[in-house]
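Novice: From the sequence below, what's the structure:
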Amino acid sequence: MENSDNIDSTVNNSRPNSTADDNEEDEKDVWLDLIGIAADPPDRREKCENCHRPQVVCWCSSVPSPPLRSRSRIVILQHPAEQKRCLRTAPMLSLGLEPGKCLVFRGKRFPQSRQVEGDVSLESIMTAKNTLLLYPSKDSIPLDDLDPSDGLFNLILLDGTWPQAKGIYATSPLLHKMRQVRLVMSRTSTYVIRTQPMEGFLSTLETAAEALAVLERDDRFRDELVRPLQTLCKFQLANGAVEHQSKEYLIKNNQYNKPVGHRLNKLLRAAKCSKSAEESNNNDDDGGEKKLSES
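Specialist: Predicted coordinates:
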């Protein structure tokens, strides 16, 4: 009886340990199953190999074919957040130009170590004499004033929201040392499915197309490079998207229902001052022409 009691006691004492081990194994299996689950749901739609968009919304048929050949080169300094957007225009530019004519570097400050595209380093581009920065600073000159016979240019664009672009400029001292240029135009963006802060603000693609049309003295860049964007907007509008007006337009027409932040208010004041200065210059020119005609 004593031996029997000992055996029963041993069996009863082992059962809780066995149950704990089983629970531990089950928990491990659950965690392994969770680890195997993809972070994002699988996208079962077939994608285009060029633009990486679902084939039903691919815009590659509107890309210039063959790609446009330019003498100058576009260099895009892109904020990391821009890459996460599902609707972007920089890929349209890369496919619309010949290979090597549109380089993209990502970061929040430039240059960084090991930023190389092919056999070209970003630092060598930023320190080259023929490099220009498209940025509306007080020292910038109209792009139209450049002499195209000066040679080939590297034109640097900052890609991101306006605050992100200003952040890149503020944290990248080398950008301040470059020759800076600006576009002088009154064109409205065709990127109508995205809200622009001000009238006349353009997407990265549209900005590059306008700049190349000026540098190359060829309107094909202005007309053909933006066609993929027009195709994208047309499809989105046909499938439920709505056309957006700029924040400036909405404010002027009492349709902006959100508080006007400091940055937007500053942009509005700057635009008003710029418009007043332009009107003043036009009046001075008209007065001079009138005096000449009277004399």
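
Novice: so where do the helices sit in this protein?
Specialist: Along the chain, the segments classed as helices by DSSP state H run 2-35, 80-83, 90-96, 122-126, 162-170, 173-176, 204-216, 220-224, 227-238, 247-252, 262-294.

Novice: Strands of the stretch 51-200 of the chain, start to end?
Specialist: 73-78, 102-106, 116-117, 120-121, 131-134, 141-142, 154-159, 179-182 (DSSP state E, counting those that start in this stretch).

Novice: In the last one, which residues are buried?
Specialist: By neighbour count, with 16 or more other CB atoms under 10 Å as the criterion, the buried positions of strand 179-182 are 180-182. Glycine gets a C-beta too; all of them are placed from N, C-alpha and C.

Novice: how far does it sit from the chain's center?
Specialist: 19 Å (CA atoms, centre = their mean, to the nearest Å).

Novice: In the sheet, which strands lie alongside it, parallel or antiparallel?
Specialist: strand 131-134 (parallel), strand 141-142 (parallel) (DSSP bridges).

Novice: among those, which is the most enclosed?
Specialist: Of all the strands paired with strand 179-182, strand 131-134 carries the top mean neighbour count, a mean of 21, counting by mean count of other CB atoms under 10 Å.

Novice: Just the CA atoms of that strand, as PDB, please.
Specialist: The C-alpha trace of strand 131-134 is given here as PDB (Å, rounded to 0.1, in the frame of the first residue of the first chain):
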ATOM      1  CA  THR A 131      24.500  73.000 -60.700                       C
ATOM      2  CA  LEU A 132      21.400  75.100 -60.000                       C
ATOM      3  CA  LEU A 133      18.900  75.000 -57.100                       C
ATOM      4  CA  LEU A 134      15.300  75.700 -58.000                       C
END
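
Novice: May I ask you to confirm that Pro228 is in contact with Val57?
Specialist: No - the pair Pro228 / Val57 is not scored as a contact, 11.3 Å apart, by CB atoms under 8 Å.

Novice: Settle it for me: which of those two has more neighbours?
Specialist: Set Pro228 next to Val57 and count neighbours by other CB atoms under 10 Å: Pro228 wins out with 24 against 17.

Novice: what sits against that one?
Specialist: Contacts for Pro228 (CB atoms under 8 Å, 6 or more residues apart in numbering) come out as 59-60, 62-63, 92, 95-96, 205.

Novice: again, 10 Å this time
Specialist: 51, 58-64, 89, 91-93, 95-96, 205 (CB atoms under 10 Å, 6 or more residues apart in numbering).

Novice: so where's the stretch 1-150 of the chain shaky on pLDDT?
Specialist: Along the stretch 1-150 of the chain, segments meeting pLDDT under 70 span 1-23, 25, 28-30, 32-44.

Novice: Next one, pLDDT for Tyr191 please.
Specialist: pLDDT, Tyr191: 93.

Novice: so how far is Arg269 from Asn130?
Specialist: Taking CB to CB, to the nearest Å as the measure, Asn130 and Arg269 are separated by 35 Å.

Novice: Would you mind telling me which of the two has more residues around it?
Specialist: Asn130 (14 against 10).

Novice: Identify the residue nearest the more buried one in space, chain neighbours excluded?
Specialist: The shortest distance from Asn130 to any non-neighbouring residue, by CB to CB, 6 or more residues apart in numbering, is to Phe153 (5.3 Å).

Novice: residues shared between the contacts of Pro228 and Val57?
Specialist: Any residue near both Pro228 and Val57 by CB under 10 Å, 6+ apart counts here, and that gives Cys51.

Novice: still on that earlier bit, with distance to Asp223 added, can I get the strands paired with strand 179-182 in TSV?
Specialist: Output for these, formatted as TSV (distance: least, CB to CB, whole Å):
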stretch	distance to Asp223
strand 131-134	20
strand 141-142	21
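
Novice: what about the ones you listed, which gets the closest to Leu174?
Specialist: Ranking the strands paired with strand 179-182 by proximity to Leu174 (CB to CB) places strand 131-134 first, at 9.6 Å.
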